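Student: Task: produce atomic coordinates for the following.
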Amino acid sequence: MKKMITAVVGMFTGGMLYFLSRTDSLVMFKWIDTLALKDEVQGLRFMARPQLSSLPQWVSFSLPQALWYCSGLLAFECIWGATSRTRWQRRGWILTFSSLAFGLEIGQFFHLVPGTFDLVDLALLVVAWVTVAMFSRIEQQRKPQIGDA
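Tutor: The predicted model follows:
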C-alpha cells in the first residue's frame with residue numbers, strides 16, 4: 001500500500017510541477033482552455049510563480065519526468081509484486097517502460113524525438129531507477145523466505 005501511495009504522490013507532484021511551471025504553449029493548456037479553466041489555471045500558476053522561481057531549474061524541467069518514471073516503476077511493483085510466478089512479467093513491463101523513458105530522452109539527443117536533450121533529465125532517470133531498485137531489494141530482504149522458521 002505504501003508503494004502505491006508513494007507512486008500516486010510522485011505522479012501528482014510531477015504533474016503539478018509540470019503544470020505550474022512549464023510554458024503555456026504546450027498542448028495541455030489548449031485542453032484547459034477548451035474546458036474553460038484557463039482563468040483558474042492562470043491564477044494557480046501566478047500564485048506558484050514566486051515559490052517556483054526560487055527553486056533550481058532542474059526542479060521544474062527535469063524532476064517531473066523523474067517523478068513520473070519513479071511512479072511508473074512503483075506501480076509495476078505494486079501490480080505484479082515479486083512472486084516467482086509474476087517476476088518475468090514485471091521485469092518485462094519495467095524493461096519496456098524504462099526503454100521508453102530513456103529512449104525518448106536519448107532520441108532527443110539524436111533529434112529523432114521532439115524536445116531538448118538534457119543530461120540532468122537522464123541523470124535523474126537513473127537516480128529514480130536506482131532508488132526504486134534499492135528499496136525493492138531492501139523490501140525483498142526483509143520478507144521471510146519460504147522455509148525460514
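
Student: Other residues contacting stretch 129-138?
Tutor: Where contact means CB atoms under 8 Å, 6 or more residues apart in numbering, the residues beyond stretch 129-138 that reach it are 69-70, 73-74, 77, 82, 98. Where you see a C-beta, it was placed from the backbone N, CA and C, and this is true even at glycine.

Student: D118 is in contact with F61, isn't it?
Tutor: Yes. Using CB atoms under 8 Å, D118 is in contact with F61, at 7.2 Å.

Student: follow-up on the earlier one: any chance of TSV for the contacts of stretch 129-138, columns neighbour count, distance to S136 and secondary structure?
Tutor: TSV is the format used below for the contacts of stretch 129-138 (neighbours: other CB atoms under 10 Å; distance: CB to CB, whole Å; DSSP: H, G, I helix; E, B strand; the rest coil):
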residue	neighbour count	distance to S136	secondary structure
Y69	26	15	helix
C70	22	12	helix
L73	26	9	helix
L74	25	9	helix
E77	20	6	helix
A82	12	7	coil
S98	17	14	helix
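
Student: Could you work out the most separated pair of these?
Tutor: Y69 and A82 (19.4 Å; CB to CB).

Student: what sits against G107?
Tutor: Under the criterion of CB under 8 Å, 6+ apart, the contact partners of G107 comprise V113.

Student: I'd like the next helix or strand past the host helix or strand of it.
Tutor: G107 is part of helix 87-109, with elements assigned from DSSP states H and E. Using DSSP H and E, the helix or strand that directly follows helix 87-109 along the chain is helix 119-142.

Student: Perfect, I'm done here.
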